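Asker: coordinates for the following, if possible.
(one chain, ligands or ions: 1)
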Amino acid sequence: MALAGIRIIELAGLAPAPFCGMVLADFGASVIRVDRTKVAMSLDTLARGKRSVALNLKTPEGVAILKKLCVKSDVVLEPYRKGVMEKLGLGPETLLKDNPRLIYARLTGYGQSGPYATAAGHDINYLAMSGLLSRLGRHGEKPHAPLNLVADFAGGGLTCALGIVLALLERTRSGKGQVIDASMVEGAAYMGSFVWKSRAIGMWEGDRGQNMLDGGAPFYDTYRTADGKHVAVGAMEGQFYQQLLHGLGLDAADLPPQMSMGDWPELKRVFEGRFAAKTQAEWADVFDGTDACVTPVLSLDQVSAHPHNKERGSFVVGDDDESPRPAPVLSRTPADPCLSRDPAIGQHTCEVLQEYGYESQDIERFAAAGVVERSIPGAKL
Ligand SMILES: C[C@H](CCC[C@H](C)C(=O)SCCNC(=O)CCNC(=O)[C@H](O)C(C)(C)COP(=O)(O)OP(=O)(O)OC[C@H]1O[C@@H](n2cnc3c(N)ncnc32)[C@H](O)[C@@H]1OP(=O)(O)O)[C@H]1CC[C@H]2[C@@H]3[C@H](O)C[C@@H]4C[C@H](O)CC[C@]4(C)[C@H]3C[C@H](O)[C@]12C
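Answerer: Just a heads-up that it's a prediction; the model follows:
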């Protein structure tokens, strides 16, 4: 796999950093999640392919162990608010001094500087600060965050993973590590560059929910079907729009022009009426095999059985659940996601510490002093 041989130390976090670690593990990195001790159960649902070491970083021995792990690793990924790692004596200056090749990834909401740097926050706050949330939602309604996908995962976890891969690539030339300051506000905003840059061509002149791509246009929206399900319509270009009208049994001559924004509400009502007349499956029969850009809005339970996803094997079934296959697919070195159960907290404490040079008696001593914890393999705490 592409990242085989890369060793990553991931300090346990909430959602973005676990996703970042999972992506790297999916593509072959060895990812060790450092969990806290005295925690009943892991809240990390994105632990595929990782190992877990339970370490009390509020003890000098715990800090020394983490330092030793970082000396022999390529990347440390930390998800705490600014200053936490420095307070523990694990800041970048210290760790990079011990291992100048280390890539030190800091995944936070607001970044390492600025008045908000030390403030608590979550996806919705970062999305709000990026400017994007102001554009998301239906006309006449308040802004609406699309789950926690944009800041936590796209702008956060995935962007940080990109930063790590870039730094690894650069290290092959310089031989040096570096610090990555991954702010979810900036990552989300960057992901939204199209919104900023397409203002110049008049894409966002309407209020929220009144533009072509935000639910304003009748040809770029979802519609309810006769069975209470939905279809998604994305027929923007003239030739595809014609096919949409054809499938709906409409004649362009009887309708206002496609791009007449003032007529969009009326056109939407016409489409709503048509789509309500057949079930989702019946619409699939009408539109599959055409370029009308109409697809069923599949539920999470439906996706893997859909013939397209099924043929490509887009979803994988593991011991714990069904989940998306890692993307993208690399032709020679594709990801090979681990399908066994996620690790319990401390499941690999002994194995990993031995791998990094500790003797059994050291580990016994650390366990007795509460510096590390080991769990029974396979058991979820
Ligand atoms: C699924 C829910 C999560 C949803 C994700 C959400 C929408 C997000 O947006 S996640 C993005 C959050 N932001 C960031 O990650 C940005 C960077 N980080 C931060 O800003 C902060 O870390 C913080 C704000 C996220 C958290 O702040 P906090 O004060 O808690 O922590 P820090 O200041 O960073 O300091 C960490 C301290 O910890 C010490 N530490 C760390 N490691 C160790 C160690 N190994 N040993 C010892 N000590 C350690 C470190 O030294 C710091 O100490 P100091 O403070 O002294 O410096 C889920 C969200 C809530 C969940 C639910 C909830 O938990 C209740 C239930 C629990 C139950 O068990 C399961 C069901 C729940 C309902 C549960 C369900 C879900 O999991 C949640 C809803």
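
Asker: going by C-alpha atoms from here, please, whenever you check contacts or count neighbours.
Answerer: Fine.

Asker: what ranges do the helices span in this structure?
Answerer: Assigned by DSSP state H, the helices in the chain fall at 16-26, 60-71, 84-87, 92-98, 123-130, 159-174, 184-191, 193-197, 238-248, 264-275, 280-287, 307-312, 349-355, 360-368.

Asker: out of these, which comes closest to the ligand?
Answerer: Taking C-alpha to the nearest ligand atom, helix 123-130 is the member of those nearest to the ligand, at 3.8 Å.

Asker: with adjacent residues omitted, what lies nearest to the single nearest residue of the stretch 151-300 of the chain relative to the ligand?
Answerer: Residue of the stretch 151-300 of the chain nearest the ligand, by C-alpha to the nearest ligand atom: residue 152 (5.6 Å). The spatially closest residue to residue 152, leaving aside those adjacent along the chain, is residue 16, at 4.9 Å (C-alpha to C-alpha, 6 or more residues apart in numbering).

Asker: just the pLDDT at the one you found, thanks.
Answerer: With respect to pLDDT, residue 16 scores 98.

Asker: so what's the residue count around it?
Answerer: Residue 16 is flanked by 28 other residues according to other C-alpha atoms under 10 Å.

Asker: what is the end-to-end distance of stretch 41-57?
Answerer: Distance between the two ends of stretch 41-57: 18 Å, counting by C-alpha to C-alpha, to the nearest Å.

Asker: what mean pLDDT would you report for it?
Answerer: The pLDDT scores in stretch 41-57 average 94.

Asker: any idea how far that stretch is from the middle of the chain?
Answerer: 17 Å (C-alpha atoms, centre = their mean, to the nearest Å).

Asker: contacts only, for the nearest residue in space to residue 363 that is not next to it in sequence.
Answerer: Leaving aside its chain neighbours, residue 363 sits nearest to residue 350 (6.8 Å; criterion: C-alpha to C-alpha, 6+ apart). Residue 350 makes contacts with 360, 363, 374, as judged by C-alpha atoms under 8 Å, 6 or more residues apart in numbering.

Asker: measure residue 293 to residue 312 for me?
Answerer: 20 Å.

Asker: more neighbours, the two?
Answerer: When residue 293 and residue 312 are compared for neighbours, residue 293 comes out ahead with 20 against 10, by other C-alpha under 10 Å.

Asker: give the contact list for the more buried one.
Answerer: With contacts defined as C-alpha under 8 Å, 6+ apart, residue 293 is in contact with 233, 234, 235, 240, 244, 287.

Asker: next, name the residue at the spatial heart of the chain.
Answerer: residue 153 (2.8 Å; C-alpha atoms, centre = their mean).

Asker: residues contacting that residue?
Answerer: Residue 153 neighbours (C-alpha under 8 Å, 6+ apart): 15, 16, 19.

Asker: cutoff 7 Å now
Answerer: Counting by C-alpha atoms under 7 Å, 6 or more residues apart in numbering, residue 153 touches 16, 19.

Asker: quick check: residues of this protein near the ligand?
Answerer: With C-alpha under 6 Å from any ligand atom as the criterion, the chain comes near the ligand at residues 14-15, 35-36, 43, 55-58, 79-81, 84, 108-109, 120-123, 148, 152.

Asker: next, count neighbours for residue 200.
Answerer: By other C-alpha under 10 Å, 10 other residues sit near residue 200.

Asker: show me where pLDDT drops low in this protein?
Answerer: 376-381 (pLDDT under 70).

Asker: domain map for it?
Answerer: Using automatic domain parsing, the domain parsing of the chain gives 7-191+316-373, 220-224+230-296.

Asker: name the nearest residue to residue 280, ignoring sequence neighbours.
Answerer: Nearest to residue 280 is residue 225, by C-alpha to C-alpha, 6+ apart, at 5.7 Å.

Asker: next up, phi/psi of the one you found, please.
Answerer: phi -110, psi 180 (degrees, to the nearest 10).

Asker: surely it is in contact with residue 278?
Answerer: Yes. The pair residue 225 / residue 278 is scored as a contact, 6.0 Å apart, by C-alpha atoms under 7 Å.

Asker: higher neighbour count, those two?
Answerer: residue 225 (22 against 16).

Asker: who are the contact partners of the more buried one?
Answerer: Per C-alpha under 7 Å, 6+ apart, neighbours of residue 225: 275, 276, 277, 278, 279, 280.

Asker: count the neighbours of residue 173 for me.
Answerer: Every residue meeting other C-alpha under 10 Å relative to residue 173 is counted, giving 8.

Asker: about what we covered before: can you list the contacts of residue 350 in a markdown table and add neighbour count and distance to residue 191?
Answerer: A markdown table is the format used below for the contacts of residue 350 (neighbours: other C-alpha atoms under 10 Å; distance: C-alpha to C-alpha, whole Å):
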| residue | neighbour count | distance to residue 191 |
| --- | --- | --- |
| 360 | 13 | 47 |
| 363 | 19 | 44 |
| 374 | 21 | 40 |
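
Asker: return the member of the residues you listed nearest to residue 343.
Answerer: Using C-alpha to C-alpha, residue 374 is the member of the contacts of residue 350 that sits closest to residue 343, with 11.6 Å.

Asker: ok, and the closest non-adjacent residue to that closest one?
Answerer: residue 346 (4.6 Å).

Asker: so the one you found is in contact with residue 51, correct?
Answerer: No. At 8.3 Å, residue 346 does not count as touching residue 51 under the criterion of C-alpha under 7 Å.

Asker: more neighbours, those two?
Answerer: Taking other C-alpha under 10 Å, residue 346 and residue 51 do not tie; residue 346 has more neighbours (27 against 24).

Asker: sounds good, over and out.
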